[in-house]
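In: Show me the folded form of this:
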Amino acid sequence: MRAGRIGAAAAAALIALGMAGAALAYALPESNRLFFSVVRNGDSPMGHHRLSFTRDGDTVTMDMDIRFEVKIAFVTAYRYQHTNREVWKAGRLQSLETTTNDDGDRYWVRGAATEAGFAVESSTGSFTAPADIVPTSYWNDAILTATQLLDTQRGLLMDVRIDAKGEEEIVAAGKTVRARHHTINILTNKPGATDRIEAWYDAEGRWVKMSYKAKGQDIEYTLDPPPVPPQQAERAP
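Out: Have a look, this model is predicted:
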C-alpha cells in the first residue's frame, strides 16, 4: 500500500510537472506586454505594433493592435490597422480572430481547432490547416521550426523556409542584448507582397526585433522598454 501511495504521488507530480511545462512553453515577457515602435526608411515614425498576454494555467490569450500611418507633406498617404486575438493551449493554437484595414482594403480571418485540424474561414475563402499551424503573429518562436504559416491578414496558408543567421548584438527595450537572427522566406505569396522577413529572438525565445520591405519601404521594429509600474513612477525623483 505504501509503495502504491508513493507511485500515485509520483504520477501526480509528473502530471503537474507536465502541465507546468506546457504553461511555460511560451516565451512571454514578464510584463505580459510587447510594445514595438515602427519606423520606415530609418528615421520616419510610422506607428506601433503592440501585444498583450493573459495567462490562465497552460492557456495563453494574445491580443494584438497594429496601427501605421504614413504622411507626406502633412497628408496621410497610407493607413494600416490590424487587430488579432489568439488563444493557445498546451502549445497549440485553439482559436484566432483578426480584422485588417489595409488602406481601405478590408480583410477578416477566423479560425478554431477541430478534430480534423485548424479550421479557417476568411474574407478570401475557407480551408483546414494542420493542427500545429503557427500564425504570422511572430511572438511565438515556434515559428522558427515551421514549414507553413497561417497569414493572419488574408487567411492564406503559406509555405516558408526559415534560415538561421546566427547570434547578433542588437538594441531591444533600451538595452544591448544578444539575439538569434532568422530570415523567414515566404515561398507562396502574391506578386509584390512581402516575401522575406528578418526576425530576432533572445536567448529565452522572446521576440525582440523585426525588419522587412513593404511597398518599397524599409520597415523596422524596435522593442520599447517595459512600462514602469505606477507605484515606481510615483517614487521616481
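In: quick one: residue 189 and residue 159 touch, right?
Out: No. Contact criterion Cβ atoms under 8 Å: residue 189 and residue 159 do not qualify, at 9.2 Å. (C-beta placed from N, C-alpha, C; glycine too.)
In: more neighbours, these two?
Out: residue 189 (17 against 13; other Cβ atoms under 10 Å).
In: Let me see the contact set for the more buried one.
Out: 158, 195 (Cβ atoms under 8 Å, 6 or more residues apart in numbering).
In: how about the helices of this structure, start to end?
Out: 2-23, 230-235 (DSSP state H).
In: Quickly, which of the ones you listed bottoms out on average pLDDT?
Out: When the helices of the chain are compared by mean pLDDT, helix 2-23 comes last with a mean of 39.
In: What's the local residue count around the closest residue to residue 28 other than its chain neighbours?
Out: Of all residues not flanking residue 28 in the chain, residue 53 sits nearest, at 5.2 Å (Cβ to Cβ, 6 or more residues apart in numbering). By other Cβ under 10 Å, the residues close to residue 53 number 18.
In: give me the beta-bridge partners of residue 53?
Out: For residue 53, the beta-bridge partners under DSSP bridges are residue 62.
In: do you know how far residue 127 is from residue 118?
Out: As for residue 127, its distance to residue 118 is 9 Å (criterion: Cβ to Cβ, to the nearest Å).
In: So those two - more neighbours on which side?
Out: Shown here are residue 127 and residue 118; by other Cβ under 10 Å, residue 118 has more neighbours (23 against 16).
In: Quick check: the more buried one vs residue 104, distance?
Out: Applying Cβ to Cβ, the value for residue 118 to residue 104 is 29 Å.
In: Can you name the residues in contact with stretch 116-132?
Out: 92-93, 106-114, 133, 148, 150, 154-157.
In: That stretch: which residues count as buried?
Out: 118, 120, 122, 127, 129 (16 or more other Cβ atoms under 10 Å).
In: In CSV, list the C-alpha atoms belonging to that stretch.
Out: C-alpha atoms of stretch 116-132 as CSV (Å, rounded to 0.1, in the frame of the first residue of the first chain):
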residue,chain,number,x,y,z
ALA,A,116,-9.6,17.4,-38.3
GLY,A,117,-7.1,20.3,-37.9
PHE,A,118,-7.3,24.1,-37.6
ALA,A,119,-10.4,25.2,-39.5
VAL,A,120,-10.0,28.6,-41.1
GLU,A,121,-12.7,30.9,-42.5
SER,A,122,-11.7,34.3,-44.0
SER,A,123,-12.7,37.0,-46.5
THR,A,124,-10.7,35.1,-49.1
GLY,A,125,-12.0,31.6,-48.5
SER,A,126,-12.1,28.6,-46.2
PHE,A,127,-9.8,25.5,-45.6
THR,A,128,-8.4,23.3,-42.8
ALA,A,129,-4.8,23.9,-41.8
PRO,A,130,-2.6,21.4,-39.9
ALA,A,131,-3.4,21.2,-36.2
ASP,A,132,0.0,22.6,-35.3
